[in-house]
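J.: Let's see this in three dimensions:
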Amino acid sequence: VLLGAGVLLADRAAARDLALVRAAGPLRLEPTLGADAAGVVEATDVARVQTRQGVWARVALDGGRRGWIEQDRLVPLALPAAE
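T.: Numbers count the residues shown, from 1 in each chain. Here you go, the predicted model:
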């Protein structure tokens, strides 16, 4: 259990799932352009990427906002892994 918690904390510390929103726009309820808006994201919002599906990413933002955004509107905050 402690090892699992340590790995989880290390991943969060590395910010592997964090991204900066590059362009303002709608947050969608479903991963399609025609889906209803679940809210709005602003440029420079920080999002935690929960999952990816095609060109879409399901994200969680401050204020309890959750929804889908196009991946090309996100800039990863983590540095690429060293090889």
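J.: Every contact and neighbour count from this point should use C-alpha atoms.
T.: Noted.
J.: worst-scoring helix or strand of the chain, pLDDT-wise?
T.: Lowest on mean pLDDT, DSSP states H and E among the helices and strands of the chain sits helix 2-14, with a mean of 56.
J.: Can you tell me the element the most centrally placed residue in the chain falls in?
T.: The C-alpha lying nearest the average C-alpha coordinate of the chain belongs to residue 49 (CA atoms, centre = their mean; 2.6 Å). Using DSSP states H and E, residue 49 falls within strand 46-53.
J.: so what's residue 56 up against?
T.: When contacts are counted by CA atoms under 8 Å, 6 or more residues apart in numbering, residue 56 touches 31, 68-71.
J.: Relative to residue 38, which of these is nearest.
T.: residue 68 (8.4 Å; CA to CA).
J.: Can you give me the neighbour number for that closest one?
T.: Each residue near residue 68 was counted by other CA atoms under 10 Å, and the total is 26.
J.: what's the next secondary structure element after the helix or strand hosting residue 57?
T.: Secondary-structure assignment from DSSP H and E places residue 57 in strand 56-60. Sequence order places strand 66-70 as the next helix or strand after strand 56-60, per DSSP H and E.
J.: Can you tell me the strand partners of whichever helix or strand comes after that next one and which way each runs?
T.: Next along the chain after strand 66-70, taking DSSP H and E as the criterion, comes strand 74-76. When pairing is defined by DSSP bridges, strand 74-76 lines up against strand 18-21 (antiparallel).
J.: Dump the strand it pairs with to CSV, keeping only the CA atoms.
T.: The C-alpha coordinates for strand 18-21 follow below in CSV (Å, rounded to 0.1, in the frame of the first residue of the first chain):
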residue,chain,number,x,y,z
LEU,A,18,-1.3,18.6,-15.8
ALA,A,19,-1.7,20.8,-18.8
LEU,A,20,-2.2,24.5,-19.5
VAL,A,21,-5.2,25.5,-21.6
